[in-house]
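> My questions concern the predicted model and sequence given below.
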Amino acid sequence: MLRFAFVTLPRWILGALMLAGVAINFANVVGRYVFNLASQERRRALPSKILLVQRDTETLTHLLLKLFGFVLFHRERVQLETRLDDHYLPYTPDVVQLDYQGSIALWVECGECSLEKL
């Protein structure tokens, strides 16, 4: 069961993403973690599983803070580490929600961040 959850399933997901044309760079990946989520609130249904990728510049604490931020602020259209199509924003938020026009409705930074990022 653990092999399926941590090896087989992520390979299927990543294979499907690659078939869909999603480019993923694995050169600096330290670890991949699959979390099973469940919500007791019907109005805030969480996804059943979430895959988080730890990069070499990222601590496990920061990865878990992103997971907690995602769960805490979860609502419709909340995404993790979404690249924004705005060349005036040099940073990528840890958790973001875009409205229907593509404007930022929620920006969450997890852990310590610099003043210039704020």
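Cool, got the structure.

> Name all residues that make contact with the residue nearest the centre of the chain.
When Cα atoms, centre = their mean is applied to the chain, the residue found nearest the centroid is Leu80 (2.8 Å). Contacts here follow Cβ atoms under 8 Å, 6 or more residues apart in numbering; on that basis Leu80 touches 50, 52, 66, 70, 94-95. Where C-beta positions appear, they are placed from N, C-alpha and C, glycine not excepted.

> do the same with Val78
Contacts of Val78 (Cβ under 8 Å, 6+ apart): 70, 95-97, 106.

> Quick check: helices, which of those residues are part of them?
Counting by DSSP state H, the contacts of Val78 place Phe70 in helices.

> In strands, which of the contacts of Val78 appear?
If you go by DSSP state E, those have 95-97, 106 in strands.

> Considering the residues you listed, which possesses the most neighbours?
The most crowded member of the ones in strands among the contacts of Val78, judged by other Cβ atoms under 10 Å, is Val95 (24 neighbours).

> about what we covered before: now the ones in strands among the contacts of Val78 in JSON lines, with distance to Leu60 and pLDDT?
Below are the ones in strands among the contacts of Val78 laid out as JSON lines (distance: Cβ to Cβ, whole Å; pLDDT from 0 to 100):
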{"residue": "Val95", "distance to Leu60": "17", "pLDDT": "90"}
{"residue": "Val96", "distance to Leu60": "22", "pLDDT": "90"}
{"residue": "Gln97", "distance to Leu60": "25", "pLDDT": "91"}
{"residue": "Leu106", "distance to Leu60": "24", "pLDDT": "90"}
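
> Using TSV, please lay out those residues together with distance to Val29.
Listed next are the ones in strands among the contacts of Val78 as TSV, based on distance: Cβ to Cβ, whole Å:
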residue	distance to Val29
Val95	20
Val96	21
Gln97	26
Leu106	27
